[in-house]
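In: Sequence first, predicted model second:
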Amino acid sequence: MSSTPRTSRTPGTVITVAVVVLVIALAAAAVVLGYDLLGAAQGFVEGLYPPRAVTQEGAQIRELYHIVFLIAAAIFILVEGLIVWSVIRYRRKPGDDTLPPQTHGNNLAELVWTIVPTIIVIFMFVISWQTLNVVDATAKDPDTRIRAVAGQFQWQFDYLSDDGQTILYTQNLATGDNGGMAVPAGRTVQLTLTSQDVIHAFYVPQFLFKRDVVPGRVNQFDFTINEGDAGQTFRGQCAELCGSGHRIMLFDVHAMTPADFDAWLQGKVEEASATPPPQASGEPGGPGGPAVEISALNLAFEQASATAPADQPFTIDFDNKDAAIPHNVAIHRDSPTGEAVFQGEIFNGPERRPYAVPALPAGAYAFVCTVHPTMTGTLTVE
């Protein structure tokens, strides 16, 4: 009596089938639960790429990334495919008790894996060099000239005239709607980078570009924000560890239409020109009533607390002792993050200026440096 022979399954086959079944089951469960598999896959693929470029120069960098990524992906698929094929094709089968024929050297294979990588490296060098030349090119007559001055731990933006030296307006506040670097979309902006102390770095993720800010050296680069991105704000940061306050060294880039930018800059220039020079004062009871002494040194207020009279104007006699670093005194209700009820003018040290503060009702307040929000103190009005 004959019997049907059993079909033997190797452990590898069983594991493969189990993995396939598991993947199908997980996919089916995700669909039933309403999970967006297509969106998740798209998000994963987009995560392999840098952010969308908002400048013409960034678009060149992103195109270079595309080419390098495709080459890397092709090599990965080829190598991994050969490994998987070799594992399956040359796996040990039942009855294989001896080594298969061994190959010692293959001139053609060695020639291929030497020449092909060489060609790829030369090609990548050429396209990288071309992109670098485009990104590093600077115009002799840019539409807008801005100088970014980096210092521990803040940014200052000087808007320059056509000669590249005369300062039209200085922005000391690096973030927020009333701060940051405003630029015209569709125009060539030439940014000059200088440092007052240590090495910093200017980095905006959507620019796909980073440039070091080195003390004693002036770096320059041009960028042109796409006209379609006017009205957007991009977050920038120092990308070089520059000290204990590195984390707060942030800035905003506000992209405006050319007409809005021209009107904004003209308004700032007129506002700065119309502001009368502050009165020199170091005497108690200066302009604005009784004086409150507050000073800043080494990126901190020297006074942890202060007291002011309630329901009458008073003067904050502010002494900024930090050389070439902008500070001010702003008063916030209840806490450093509460409602701002007064903000003094920002200025570089070393310099002393009085702030005339209007009458405040009795209560608890905080005084804060607008440029460096970590600089805080307690103000009691009684």
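Out: Right, received. Where do you want to start? Residues are numbered from 1 along each chain as shown.
In: Show me the helices in this structure, by range?
Out: Remark: helices assigned in the chain by DSSP state H are 11-32, 37-47, 56-89, 107-136, 258-274.
In: Turn those helices into CSV, including mean pLDDT.
Out: Output for those, formatted as CSV (pLDDT from 0 to 100):
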stretch, mean pLDDT
helix 11-32, 69
helix 37-47, 66
helix 56-89, 92
helix 107-136, 93
helix 258-274, 90
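In: Tell me how many other residues crowd Gly349.
Out: 18 (other C-beta atoms under 10 Å). All C-beta spots, glycine's among them, are computed from the backbone N, C-alpha and C.
In: scratch that, Pro326 is what I was asking about
Out: Pro326 has 25 nearby residues by other C-beta under 10 Å.
In: Just list the residues touching the residue lying closest to it once chain neighbours are set aside, thanks.
Out: Distances taken as C-beta to C-beta, 6 or more residues apart in numbering put Asn172 closest to Pro326, at 4.1 Å, once the chain neighbours are dropped. The contact partners of Asn172, by C-beta atoms under 8 Å, 6 or more residues apart in numbering, come to Gln154, Gln156, Gly179, Pro326, Ile346, Phe347, Asn348, Val371.
In: Mind putting those into TSV with pLDDT?
Out: Formatted as TSV, these follow (pLDDT from 0 to 100):
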residue	pLDDT
Gln154	84
Gln156	89
Gly179	86
Pro326	82
Ile346	85
Phe347	86
Asn348	83
Val371	81
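In: Strands - which of those land there?
Out: Cross-referencing the contacts of Asn172 against strands under DSSP state E gives Gln154, Gln156, Pro326, Phe347, Asn348.
In: picking up where we left off before, separate out the buried members of the contacts of Asn172.
Out: Among the contacts of Asn172, those classed as buried by 16 or more other C-beta atoms under 10 Å are Gln154, Gln156, Gly179, Pro326, Ile346, Phe347, Asn348, Val371.
In: Number of residues surrounding the closest residue in space to the third one that isn't next to it in sequence?
Out: If the residues on either side of it in the chain are set aside, Gly179 comes closest to Leu173, at 3.0 Å by C-beta to C-beta, 6+ apart. Using other C-beta under 10 Å as the criterion, Leu173 is surrounded by 21 other residues.
In: Over to Leu360?
Out: 20.
In: what about it, distance to Leu379?
Out: 9 Å (C-beta to C-beta, to the nearest Å).
In: Mind listing the shared neighbours of the two?
Out: Ala308, Ile331.
In: Of all the helices of the chain, which one comes closest to Arg145?
Out: helix 258-274 (11.5 Å; C-beta to C-beta).
In: helices or strands up against that closest one?
Out: On a contact count with 3 or more C-beta pairs under 8 Å, 6 or more residues apart in numbering; DSSP states H and E, helix 258-274 meets strand 167-171, strand 181-184.
In: Return the set of buried residues in that helix.
Out: For helix 258-274, by 16+ other C-beta under 10 Å, it's Asp260, Phe261, Leu265, Lys268.
In: would you turn the residues you listed into a markdown table with distance to His246?
Out: As requested, the buried residues of helix 258-274 are exported to a markdown table (distance: C-beta to C-beta, whole Å):
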| residue | distance to His246 |
| --- | --- |
| Asp260 | 33 |
| Phe261 | 30 |
| Leu265 | 30 |
| Lys268 | 29 |
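In: Tell me, how many residues neighbour the closest residue to Thr166 other than its chain neighbours?
Out: Distances taken as C-beta to C-beta, 6+ apart place Leu160 nearest to Thr166, at 6.4 Å, with adjacent residues excluded. By other C-beta under 10 Å, 17 other residues sit near Leu160.
In: quick one: contacts for Leu160?
Out: Contacts of Leu160 (C-beta under 8 Å, 6+ apart): Arg145, Ile146, Arg147, Thr166, Ile167, Leu168, Thr192.
In: again, but for Glu351
Out: So Glu351 contacts Asn320 (C-beta under 8 Å, 6+ apart).
In: Tell me what it is bridged to.
Out: Applying DSSP bridges to Glu351 gives these bridge partners: Asn320.
In: about what we covered before: name the member of the ones in strands among the contacts of Asn172 with the shortest distance to Gln56.
Out: Out of the ones in strands among the contacts of Asn172, the member with the shortest distance to Gln56 (by C-beta to C-beta) is Gln156, at 26.2 Å.
In: Tell me if I'm right that the closest one and Gln171 touch.
Out: Yes. Between Gln156 and Gln171 there is a contact under C-beta atoms under 8 Å: 7.0 Å.
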